[in-house]
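Student: Build me a model:
(chains A and B)
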Amino acid sequence: MKEVTVRILENKPIAAGIYKMTFALPEKVGGISCGKFVNISVGDGAHLLRRPIAVCEHCESSVTICYQLKGEGTRLMSGKKAGDTLSCVLPLGNGFSLRGEDKRVALVGGGVGVFPMYSVLKEYEGTGKEFFSYIGFRNKAAVCYAEEFAALSEKAEIVTDDGSFGKKENAVGAFFEDLANAKPDVILSCGPTPMLRALKAGLAERGINIPCYVSLEERMGCGIGACLVCVCKKSGKTENARVCKDGPVFEIGEVEL
Amino acid sequence: MANLKVNICGVELKNPVVAASGTFGFGKEFDEIYDIGVLGGISTKGLTLEPRLGNPTPRIAEGHGVILNAVGLQNPGVDAFLKDDLDFLKSKHIAVIANVAGKTLDDYAGICEKLDGKVDMIELNISCPNVKCGGMAFGIKPESVYEVTKVSKSALKKTPLMVKLSPNVESIAANAAAAQKGGADAISLINTLTGMVVDIERRRPLIANNTGGVSGAGVKPIAVRMVWEACNAVDIPVMGMGGITSAEDALEFIIAGAAAVQVGTANFTDTLAMPKIIDGMNAWLDSHGIADVNQLRGTLRLNG
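Tutor: Numbering: from 1, shown residues only, chains lettered A, B, ... in the order given. Here you go, the predicted model:
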């Protein structure tokens, strides 16, 4: 991980309340991969906490993130223009990784959790793995990356909570409906905690033991593992894990949701 | 290059900039970003006799120019610190200040005994606003500040004792004097101010613990005033902290009387905050023709 100043190449709205920002890296920064995150300073002196945002796409010279306008900090980010600079710590956390035997991969993403799912698709593009993507949004206005998911997945099902785009369903429901077809070797998921909880419960009810990895979200302090602000409980242990440093990706049984 | 070395109750710091407890863990993570050997010292994450899991999440929130935290002293316990973290910190050749907390006087005595002679200094946390029983309870009244300081001091044969004062009190001067009377070799202040942030849609506090400790740039004027008052009340060295973001901020505390400073929240905003403060301090002293940072200490000239 490094503290770097990045230059914004593009920053634009792509759906209701969702912005996509691409920034150029000033130097070669190793270790950026799917499921990791960057920690961005909005740089106005009043907002002292950085905003941790998952990597959506990356190459050697740039990183793309997608973020939801939630409060003042992300609103300030949305006002940045191409050419502006931001202070950024990256790459952070442990991301997703697929083993050689993971041939069929299910991606279950909800809300802003769809973007780290897309980072997996991009990273493993052309490796011969088959992806089955179940992507949920609140409504049609929030839908984005639908074509991108379709282009890189064997099957991509986009659903909305209100049925205004695709089925009226959530990502977890769509996944379980299609489970017999997808027959995944591994399940990767990111989304709101209630969604991950539903995924965990659904797997347990059906007695499914397919390896499953989830990416957690938590309010963070330092973002690098020092301050112990963003913790979750480890299952069956009186011990916490740090979401920023030990995660954000955990094996689903490893942590309490 | 001005001299930045300072001496706090016999402990030499290569410069007066120390990482504040709770923002810097045991140094390993920040050392991945820069060599923490450049620092004057580190005050560790608050240690207790037994491991603690801390409070539920969310543990952090933001206000304008400030943050609030309620981590609740999550830590691996003093034994794990001695086994897993101390050697690393010693290898960095910086002053290792063990921040310690307890629920009872016996806890404080016990943890001080375990650390005596093994670290460069003990910082007594009697001012944590985020744990229900103990912690801040000792830090409010001068009588209990005196008592917990005395008990801790008598458990220490080798290591100097610094007492960290709470700002959530009636008289900071009285509490500073009580710590000195109890045998403190130094004091540090301010710990965080107790605060609350409300989510108006949910009509709930943003922090799971409801209240949290306020820190960051916005608290600095309060901290400088309290450090100045404390410096006037004691003869022992004072480590000042509260909202320090730049070298200029740090120098305000030193002019107000602090021998050294601690930097906390700024590490979140800029992971390189402390090396920048050290460099900036050097540059400021050079540009003002001051050869030694110690010459600046307590040189405040009051108006009127």
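
Student: So which bits of stretch A:201-219 are buried?
Tutor: A:203, A:210, A:212-219 (16 or more other CB atoms under 10 Å in any protein chain shown). To be clear about C-beta, it is placed using only N, CA and C from the backbone, and glycine gets the same treatment.

Student: Looking at chain A, which helix is longest?
Tutor: Scanning chain A for the longest helix, with DSSP state H as the assignment, gives helix A:193-205.

Student: now for it, which elements pack on it?
Tutor: With contacts taken as 3 or more CB pairs under 8 Å, 6 or more residues apart in numbering or on different chains; DSSP states H and E, helix A:193-205 sits against strand A:104-110, helix A:171-177, strand A:186-190, strand A:212-215.

Student: Tell me which of those sits nearest to A:Gly136.
Tutor: Proximity to A:Gly136 (CB to CB) singles out helix A:171-177 among the helices and strands packed on helix A:193-205, at 3.4 Å.

Student: Just the C-alpha atoms of the closest one, please, in PDB.
Tutor: Output in PDB follows, covering the C-alpha atoms of helix A:171-177 (Å, rounded to 0.1, in the frame of the first residue of the first chain):
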ATOM      1  CA  ALA A 171     -29.700 -10.800  -6.300                       C
ATOM      2  CA  VAL A 172     -29.700 -13.600  -3.700                       C
ATOM      3  CA  GLY A 173     -33.200 -14.800  -4.900                       C
ATOM      4  CA  ALA A 174     -32.100 -14.700  -8.500                       C
ATOM      5  CA  PHE A 175     -29.000 -16.700  -7.600                       C
ATOM      6  CA  PHE A 176     -30.900 -19.400  -5.800                       C
ATOM      7  CA  GLU A 177     -33.500 -19.700  -8.600                       C
END
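
Student: Convert the following helix or strand past it to CSV, retaining C-alpha atoms only.
Tutor: Using DSSP states H and E, the helix or strand that follows helix A:171-177 towards the C-terminus is helix A:179-182. The C-alpha trace of helix A:179-182 is given here as CSV (Å, rounded to 0.1, in the frame of the first residue of the first chain):
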residue,chain,number,x,y,z
LEU,A,179,-28.5,-22.5,-8.8
ALA,A,180,-29.2,-25.8,-10.6
ASN,A,181,-28.3,-24.2,-13.9
ALA,A,182,-25.2,-22.4,-12.7
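
Student: ok, back up a step: quick one: which of the buried residues of stretch A:201-219 is nearest B:Asp270?
Tutor: A:Arg219 (19.0 Å).

Student: Now do the longest helix of chain A against strand A:104-110, angle only.
Tutor: 140 degrees (axes from the mean of the first three to the mean of the last three CA atoms, to 10 degrees).

Student: quick one on the thing from earlier: redo the helices and strands packed on helix A:193-205 as TSV? Include mean pLDDT and distance to B:Ser188.
Tutor: Listed next are those as TSV, based on pLDDT from 0 to 100; distance: least, CB to CB, whole Å:
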stretch	mean pLDDT	distance to B:Ser188
strand A:104-110	98	46
helix A:171-177	98	50
strand A:186-190	98	42
strand A:212-215	98	39
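
Student: Would you mind giving the ones you listed as CSV with distance to chain B added?
Tutor: Formatted as CSV, the helices and strands packed on helix A:193-205 follow (distance: least, CB to the nearest CB, whole Å):
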stretch, distance to chain B
strand A:104-110, 20
helix A:171-177, 23
strand A:186-190, 18
strand A:212-215, 16
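
Student: export the ones you listed to a markdown table and tack on distance to B:Pro16?
Tutor: What follows is those, written out as a markdown table (distance: least, CB to CB, whole Å):
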| stretch | distance to B:Pro16 |
| --- | --- |
| strand A:104-110 | 49 |
| helix A:171-177 | 53 |
| strand A:186-190 | 44 |
| strand A:212-215 | 41 |
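
Student: just the strands in the stretch 1-150 of chain A please.
Tutor: Assigned by DSSP state E, counting those that start in this stretch, the stretch 1-150 of chain A shows strands spanning A:2-15, A:18-24, A:37-41, A:51-58, A:62-68, A:85-92, A:104-110, A:130-137.

Student: chain center to the first one, what's the gap?
Tutor: The reference is to strand A:2-15. 17 Å (CA atoms, centre = their mean, to the nearest Å).

Student: Is there contact, residue-wise, from it to chain B?
Tutor: Yes - using CB under 8 Å from any CB of the partner chain, strand A:2-15 reaches chain B at A:2-3.

Student: Which parts of that strand count as buried, going by neighbours?
Tutor: Buried-residue list, strand A:2-15, by 16+ other CB under 10 Å: A:2-4, A:6, A:8, A:11, A:15.

Student: Identify, from those residues, the entry nearest to chain B.
Tutor: A:Glu3 (4.7 Å; CB to the nearest CB).

Student: I figured that closest one hits B:Asp270, correct?
Tutor: Yes - using CB atoms under 8 Å, A:Glu3 is in contact with B:Asp270, at 7.3 Å.

Student: got any residues that touch both of these two?
Tutor: Both A:Glu3 and B:Asp270 are contacted by A:Ser87, under the criterion CB atoms under 8 Å, 6 or more residues apart in numbering or on different chains.

Student: wait, what's in contact with the nearest residue to A:Ser87 once chain neighbours are set aside?
Tutor: Sequence neighbours aside, A:Ser41 is the residue nearest to A:Ser87 in space, at 4.2 Å (criterion: CB to CB, 6 or more residues apart in numbering or on different chains). Shown in contact with A:Ser41 (CB under 8 Å, 6+ apart): A:50, A:86-88, B:269-270.

Student: rerun that using 10 Å as the cut-off
Tutor: A:3, A:5, A:47-51, A:73, A:77, A:86-89, B:268-271 (CB atoms under 10 Å, 6 or more residues apart in numbering or on different chains).

Student: Find the nearest non-adjacent residue to residue 84, please.
Tutor: No chain in the question, so chain A it is. Per CB to CB, 6+ apart, closest to A:Asp84 is A:Ile8, 4.9 Å.

Student: wait, chain B
Tutor: Nearest to B:Asp84 is B:Pro76, by CB to CB, 6+ apart, at 7.2 Å.

Student: That neighbour contacts B:Phe26, doesn't it?
Tutor: Yes - B:Pro76 is within contact range of B:Phe26, at 9.0 Å (criterion: CB atoms under 10 Å).

Student: tell me the domain ranges of chain A?
Tutor: Chain A breaks down into these domains under automatic domain parsing: A:2-92, A:104-215.

Student: Check the separation of the first and last residues in the longest one.
Tutor: Same thing as domain A:104-215. By CA to CA, to the nearest Å, the extent of domain A:104-215 from end to end equals 19 Å.

Student: now the first one
Tutor: Distance between the boundary residues of domain A:2-92 (CA to CA) amounts to 9 Å.

Student: For that domain, what does the pLDDT average out to?
Tutor: Average pLDDT, domain A:2-92: 95.

Student: what's the burial count for the closest residue to B:Ala259 other than its chain neighbours?
Tutor: Among residues not flanking B:Ala259 along the chain, B:Pro237 sits closest, at 4.1 Å (CB to CB, 6+ apart). Per other CB atoms under 10 Å in any protein chain shown, the neighbour tally for B:Pro237 reads 24.

Student: Now for B:Pro237: which residues touch it?
Tutor: B:6-11, B:160, B:162, B:184-188, B:231, B:257-260, B:297.

Student: Find the nearest non-adjacent residue to the residue of chain A found nearest chain B, please.
Tutor: When scored by CB to the nearest CB, chain A has A:Ala226 as its residue closest to chain B, at 3.6 Å. Leaving aside its sequence neighbours, A:Ala226 sits nearest to B:Gly25 (CB to CB, 6+ apart; 3.6 Å).
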